[in-house]
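Enquirer: quick one, what's the 3D model for this:
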Amino acid sequence: PAVDSSAPATTAPTTTTTAPAPKLGLNRLTGEADMATDNDRPIGFVVTDETSTLVQLGLESADFFFEAETEGGIPRILAVYSSVDRIPEAIGPVRSARPHFVKIAKALDAIYCHIGGSPSGLDAIRELGVTELTNTYIIHPVLKASKNFSWNRSAYTKEKVMAKLGRQKTTLTSSYKSPYQFGTKTGSATANTVNMRISEAYHMAFTYDGSRGVYQKHRNSLDSPVHTTATGGTIEVANVIVLYAPRSVDETYTYDKQNDKQTTRYNFAMESGSGTVATGGTARDIRYTCTTGGLQFYESDGTTPLTVATGKTFVCLVGSHLKSGTQIS
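Expert: Here you go, the predicted model:
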């Protein structure tokens, strides 16, 4: 029979396949599966936090925060990112090294980014074998245009950091384990607010937002504004940890020789001690160890690994002499 050329041609159905999304690695500092590459070595930046009017950049995107007094009541923050991939475009104002911040960096196997340092801070970098990045900064236009003092206008940029790490052939992966484990565990005390004396001159405070499960940091005490940076983000974390450690005088430093003005620099013994964790609106006692082999948090028995909520953590180091100033309610 003849073929009917007027009949419509038939075509085989086409199928489309969607490639599965790449499986992201686990972030050891937050418990989130959001690591885009194998670069899992943390990197930390020393950022000053000395006044409530200080303009800061990029701080809010860190995965882990450590804040403590440096000198004369002034606190600084070590803002730690779980990978070089997560560094913001700019972070600052970056300041100098102090020994207790160096100890935390070593315990996390973090690349330690700073500008100069106290004699004991620089000694600690050498003695502990900390991988450092120093003097890799620009005078940032936003900080320069602010009311920050001249020494608080330097920022590190991702471009300069990555270039220098490449030149140094810095290892970007780490075998260190997480300082805690992730899950849900409640304490016996209420923790809707956390307020402490981080120095004789400065408070640190957090308020819990139960609807989102985060603690918002204030610029100073509870009646001060929420901590917001010039890059538009607020500092919000899932967990607040308060650690206690003995404070010692590191050195008395003359910063204005003409007028004989001095300040006292401090160091903290941090090998082990006690503390409190606030998570999920409740609080409980904890223990910790901080050695060159790692930073580890434990439940109050000192042996069971600490369980915290998935998300960011803010660690506040308080001198033992100010422990009674911590109020959690």
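Enquirer: who does the one helix or strand A205 maps to pair up with?
Expert: Element membership for A205 (DSSP states H and E) is strand 203-209. Within its sheet, and counting by DSSP bridges, strand 203-209 is paired with strand 193-197 (antiparallel), strand 214-217 (antiparallel).
Enquirer: elements contacting the helix or strand just after the last one?
Expert: What that stands for is strand 214-217. Counting by DSSP H and E, the element after strand 214-217 in chain order, helix or strand, is strand 236-237. If you count contacts as 3 or more CB pairs under 8 Å, 6 or more residues apart in numbering; DSSP states H and E, strand 236-237 packs onto strand 214-217. No exception for glycine: its C-beta is placed from N, CA and C like everyone else's.
Enquirer: center of this structure - which residue?
Expert: Centroid-nearest residue in the chain, with CA atoms, centre = their mean: F65, separated by 2.3 Å.
Enquirer: so what's it closest to, chain neighbours aside?
Expert: The spatially closest residue to F65, leaving aside those adjacent along the chain, is F314, at 4.4 Å (CB to CB, 6 or more residues apart in numbering).
Enquirer: which SS class is the one you found?
Expert: strand (DSSP: H, G, I helix; E, B strand; the rest coil).
Enquirer: quick one: residues contacting it.
Expert: Shown in contact with F314 (CB atoms under 8 Å, 6 or more residues apart in numbering): 64-65, 67, 206, 215, 217, 235, 237, 239-241.
Enquirer: that one and R212: what is the separation?
Expert: Distance of F314 to R212, computed by CB to CB, to the nearest Å: 15 Å.
Enquirer: so where's the stretch 151-300 of the chain uncertain?
Expert: For the stretch 151-300 of the chain, applying pLDDT under 70 flags the ranges 256.
Enquirer: and the strands in it?
Expert: Along the stretch 151-300 of the chain, counting by DSSP state E, counting those that start in this stretch, strands occupy 154-157, 181-182, 189-190, 193-197, 203-209, 214-217, 236-237, 239-245, 247-256, 261-268, 272-279, 282-291, 294-299.
Enquirer: which residues does the closest residue to Q296 other than its chain neighbours contact?
Expert: In space, Q296 comes closest to T289 once its chain neighbours are excluded; the distance is 5.1 Å by CB to CB, 6+ apart. Residues near T289 by CB under 8 Å, 6+ apart: 271-272, 295-296, 298.
Enquirer: farthest pair in those residues?
Expert: By the measure CB to CB, E271 and Y298 form the most distant pair in the contacts of T289, at 13.9 Å.
Enquirer: tell me the spacing between G72 and Y266.
Expert: Separation of G72 from Y266 (CB to CB) stands at 9 Å.
Enquirer: same check on I241?
Expert: In this view, I241 and Y266 are 20 Å apart by CB to CB.
Enquirer: these two: who's more crowded?
Expert: I241 (25 against 22; other CB atoms under 10 Å).
Enquirer: isn't that one right next to V315, touching?
Expert: Yes: with contact defined as CB atoms under 8 Å, I241 reaches V315; the gap is 4.6 Å.
Enquirer: tell me the SS of the nearest residue to G233 once chain neighbours are set aside?
Expert: In space, and not counting its chain neighbours, G233 is closest to E60: 3.2 Å by CB to CB, 6+ apart. Look at E60: counting by three-state DSSP, its state is helix.
Enquirer: from what I can see E60 touches V237, true?
Expert: No: E60 sits out of contact with V237 when judged by CB under 8 Å, with a separation of 10.1 Å.
Enquirer: neighbour count: the two, which is higher?
Expert: For E60 versus V237, neighbours defined as other CB under 10 Å are more numerous around V237 (25 against 21).
Enquirer: for the contacts of T289, which one is nearest A155?
Expert: Nearest to A155 among the contacts of T289, with distances taken as CB to CB, is L295, at 26.5 Å.
Enquirer: what sits opposite that closest one in the beta ladder?
Expert: C290.
Enquirer: quick one: it and K323, what's the gap?
Expert: Taking CB to CB as the measure, L295 falls 20 Å from K323.
Enquirer: neighbour count winner among these two?
Expert: Each of L295 and K323 has its neighbours counted (other CB under 10 Å); L295 has more, 25 against 16.
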